[in-house]
Every structure is written in C-alpha cells, then in structure tokens.
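Trainee: sequence first, then the predicted structure, then my questions.
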Amino acid sequence: MIEGKESAAVGRPLRYGMVGGGPGSFIGGVHRSAIAFGGYGTLVAGCFSRNPANSAVTGRELHLDEDRVYADFEEMARKEAGRTDAIDFVVIAAQNDSHYPAAKAFLEQGIHVMCEKPLAHTLEQALELKALAKKKKCLFGVAYAYAGHVMAKEARAIVESGEIGDIVMVMGEYPQEWLMDLLEKTEGQRQAAWRTDPKQAGISNCLGDIGTHVENMVAMMTGLKIRQVCASLDVIGKGRTLDTNAQVMLRFTNGAKGMYWSSQVAAGYDNGLKVRIFGTKGAIEFVQEESNYLKLSLKEQPPRRLSRGNGYLHPAASKNSRFPSGHPEGYNEAFANLYGAFTAAVRDRMDGKKAKESDYDYPKIDEGIDGVKFVAKCVESSRKGTVWIDFD
Ligand SMILES: NC(=O)c1ccc[n+]([C@@H]2O[C@H](COP(=O)([O-])OP(=O)(O)OC[C@H]3O[C@@H](n4cnc5c(N)ncnc54)[C@H](O)[C@@H]3O)[C@@H](O)[C@H]2O)c1
C-alpha cells in the first residue's frame, strides 16, 4: 500500500475545493484541518453553503478569492474545470443529500473526488458514481476516517498475519447519547435537524450516520464479505420517523457471524465506536476513543495492550504514525492519514505513474457502495419484520 510519505511530489502544492463546511458546520473544518496538518493541499475554491451569503462568509474567513467562492456546486465544477489553475480535487463535506449530485457534477468535469459518507441515498446512485469515475478516470475516496487510525491498520495487519487465526465472530458497537432529547426541535441544532430529516439524511439516520462506520471498520480490518443481514431499526424519540438505534445480526461468506449495534440514544456515551474481532487463535479489540492502543488477547495467554509508536507494530501500520509513543494521536491524524494516501494517488496520477487506485491505502468508492448497500439491506430487513436478507 502506498502512503502519503512515499508519494512523488508534483512540483507545486495540490489545489482543492470544498462543497459544504460553511458557518457552524462540523466536518468541513475537520477535512481542512487534516489537509493543512499534513501539508497535502491548499484550499482555493468553495461552495460552503446552499446560501451564497453564508458561503461568502466562509470564503472570506479562509481568505479565498471572491471569484472562487461559488453560489452552487454545479457552477463551481463548471467554472473550476475551465481554469488553467483549476482545483486538482474536491472535498464533498455537505450533508448526505448533496453527495450524489455534487460528486456527479465534479466527476463529469474530470475532477477527483473525496466524498463524505454515506456515499449516496441509493445503491443506484452509488453505482452510477462508480461508473462515472471509471469513465472519467477519476480517483474517488470516501471519508471513513476511523480507517486512518494507526491501530486500526495494525488490527488489519494482525488479521492478515494469521496471528489470531481464522475469523469466526465480530462484534461492533457505536453508542452515542446526543439524540436522547429532541435536539432537532431546538433552534440552531442543524446537525440534529438534518440527520432526523429523511429528505436530507436518506432512508436511515443512525445506521447511515454511524452504523456505516462499524460496517466499514470491520470490513477494513478483516476483509470479511457480508452474506446476509437481519436488522431491527428502532425509531426512539417522539415525532421522529428515522431510526436512532439499530441492531444488526450478520452472516459472512466465510461462515463467520457478527453483531453490530449503533445508537444515538445511549446515555453516558460520547462516540463509543468499538470493534472486536474473534479468531480461532485469539481476539483483537479497537476502541476509537482510545485509538492509540489495541488489545490483543491470544488464546490461553494474558491480554496485551499494544501501543502506537512502538517498534513492535507491523510496518504497514506504523509507517502512518507521526509522533513517538505516548504522544497521543487522534481523529485529526486519522483524517490526515486518509488524505496522505489520497493525495499521493492524485499526485502520482498527475505525474503519469501507472499505479492502480487499489495500491493506495484510503477508503475507495467500493467501500462507499458497500456502506450504501448495508443500509439499504438493513432497512429492508427491518421493514419486513427483522428477517434475514441476502446481501448480494
Ligand atoms: N467521516 C466522519 O467521521 C464524519 C463525521 C461527521 C459527519 N460526517 C458526514 O459529513 C457530512 C456533513 O456532516 P456535518 O455534521 O458536517 O453537517 P453540518 O450540517 O454541520 O454541515 C454541512 C455543511 O454543508 C453545507 N451544505 C449543505 N448543502 C450544501 C450544498 N448543496 N452546497 C454547498 N454546501 C452545502 C451546509 O450549509 C453546512 O455548512 C454528512 O454527510 C455526515 O454524514 C462524517
């Protein structure tokens, strides 16, 4: 796998644009911070909000040229593509309903895309984006940021090494408490408002928002392919129509079993993503809020706590580490690792290198498609009375 540090340098900083990330937003600023942290690109253009006045506010705060702050993403894609100093890639950090049309607009202009998850509202849209990216020879990353943690990559390397044997069970959970109250009814709570609105969020809230991270983390660490799902999506909170709690049982193609639980109504929990992988010889446990560590428990041996930054980690993981052990890395570094690999691919593509997109270690459009499919199949299962549904 090719990482950021191994990429050849195009003779200038990469230029990028952003859709979303306007005043009061959450994730757009995280993307900007991660790209700046690694020196991976310079923001030169944006459409930061559906409201042009708000977009202009962010453009001024970020010191962009006024003529590169656009009223809508279609104008931005068209005009940027026509410039000699056009953006090299775009980051789509707007809410879910904008992912498909915005990604399509930039792909049509031949611009590489990094898009937030869930990739699209429907599987058809997601597959259309894949076909378009292929036709236009564009790279396409999906911002499953937790996959960028060094110790998540270490988990993957341990599984690949065979140290914990054949995978037989996986348990994933993602409890949060932030939607226990009807936050969406409070003025200014934009993140709660759109996540509980089917027009903007899509067919699922909780499972689409955080359950997809569980699905992606397990897939990334184990390579397991889902054969069937059986799901119960619970709408907890008066007046809501979308799920705020989701339980999923899984059967994988290799015979392994799984259970995923995600919740936004779990008292006392901030962002408790945890994945446990059980093999025939041992188990590993990754806890997002303690992402500098990984628990390795081999059968009939005392558990070990592996610590990021130490020489005993697999090189495929440790080469993503930035600071020595005991100097904590977190969410920003995980996001930056994703961008290190993605911008390496963009640079190498611009340099005319022949490397395949699969050679680079960032979540790609196929992972985004799997996430959309996971949500669709779980919603179908739940609507039919929590029955087993084939994945393919
Ligand atoms: N990868 C992660 O860890 C992670 C974390 C949080 C959110 N997300 C995803 O990021 C996306 C945004 O989430 P958020 O919490 O930042 O939402 P947010 O509401 O805080 O911000 C969304 C921003 O997009 C802007 N916007 C909306 N439609 C637009 C359009 N058509 N053109 C331009 N700008 C537009 C809004 O004005 C706002 O500034 C969601 O898809 C969410 O699932 C991912």
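Mentor: Everything's here; your move.
Trainee: residues touching residue 371, list them.
Mentor: 117, 118, 119, 142, 144, 212, 215, 216 (CB atoms under 8 Å, 6 or more residues apart in numbering). From N, CA and C alone the C-beta is placed, and that goes for glycine too.
Trainee: any chance of those in CSV with neighbour count as columns?
Mentor: Converted to CSV, the contacts of residue 371 look like this (neighbours: other CB atoms under 10 Å):
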residue, neighbour count
117, 23
118, 25
119, 31
142, 32
144, 26
212, 26
215, 28
216, 23
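Trainee: let me know the closest of these to residue 42.
Mentor: residue 142 (22.5 Å; CB to CB).
Trainee: isn't that closest one up against residue 113?
Mentor: No. Using CB atoms under 8 Å as the test, residue 142 is too far from residue 113 to be in contact (9.2 Å).
Trainee: middle-most residue in this protein, spatially?
Mentor: residue 144 (1.5 Å; CA atoms, centre = their mean).
Trainee: that's a helix at residue 35, yeah?
Mentor: Yes. The assignment for residue 35 is a helix, going by DSSP: H, G, I helix; E, B strand; the rest coil.
Trainee: which residues touch it?
Mentor: Contacts of residue 35 by CB under 8 Å, 6+ apart are 16, 41, 43, 91, 336, 339, 343.
Trainee: repeat that for 6 Å
Mentor: 41, 339 (CB atoms under 6 Å, 6 or more residues apart in numbering).
Trainee: re earlier: per-residue pLDDT of the residue nearest to the centre of the chain, please?
Mentor: Looking at residue 144, its pLDDT reads 98.
Trainee: next one: residue 354
Mentor: Looking at residue 354, the pLDDT reads 85.
Trainee: follow-up on the earlier one: among the contacts of residue 371, which are in reach of the ligand?
Mentor: Contacts with the ligand within these, counted by CB under 6 Å from any ligand atom: residue 117.
Trainee: tell me the one of the contacts of residue 371 nearest residue 321?
Mentor: For the contacts of residue 371, the nearest to residue 321 is residue 144 (19.3 Å; CB to CB).
Trainee: so which of the contacts of residue 371 are in helices?
Mentor: If you go by DSSP state H, the contacts of residue 371 have 212, 215, 216 in helices.
Trainee: pretty sure the first one sits against residue 118.
Mentor: In this case it means residue 212. Yes. Look at residue 212 against residue 118 with CB atoms under 6 Å: they come within range, at 5.4 Å.
Trainee: number of nearby residues for residue 128?
Mentor: 16 (other CB atoms under 10 Å).
Trainee: how about the helix or strand that contains it: buried residues?
Mentor: Assigned by DSSP states H and E, residue 128 belongs to helix 123-135. The neighbour-count check on helix 123-135 (16 or more other CB atoms under 10 Å) flags 125, 126, 128, 129, 130, 132, 133 as buried.
Trainee: from the residues you listed, which is closest to residue 37?
Mentor: Nearest member of the buried residues of helix 123-135 to residue 37, counting by CB to CB, is residue 133, at 26.5 Å.
Trainee: for that closest one, report the pLDDT, please.
Mentor: Reading off the model, residue 133 has pLDDT 98.
Trainee: with the flanking residues excluded, which residue is spatially nearest to the residue of the stretch 101-250 of the chain found nearest the ligand?
Mentor: Distance from the ligand to each residue of the stretch 101-250 of the chain (CB to the nearest ligand atom) is smallest for residue 116, at 3.7 Å. Once flanking residues are discounted, residue 116 sits nearest to residue 143: 5.0 Å by CB to CB, 6 or more residues apart in numbering.
Trainee: just residue 279 next, same as before
Mentor: residue 164 is the one closest to residue 279 (CB to CB, 6+ apart), at 3.5 Å.
Trainee: so the one you found belongs to a strand, correct?
Mentor: No. Under three-state DSSP, residue 164 falls outside any strand and is assigned coil.
Trainee: what is the burial count for it?
Mentor: 23.
Trainee: now residue 58
Mentor: Counted with other CB under 10 Å, residue 58 comes out at 23.
Trainee: and it, which helix or strand is it part of?
Mentor: Residue 58 belongs to helix 52-61, assigned by DSSP H and E.
Trainee: after that helix, next one along is what?
Mentor: In N-to-C order, the element after helix 52-61 by DSSP H and E is helix 73-81.
Trainee: helix, strand or coil for residue 232?
Mentor: strand.
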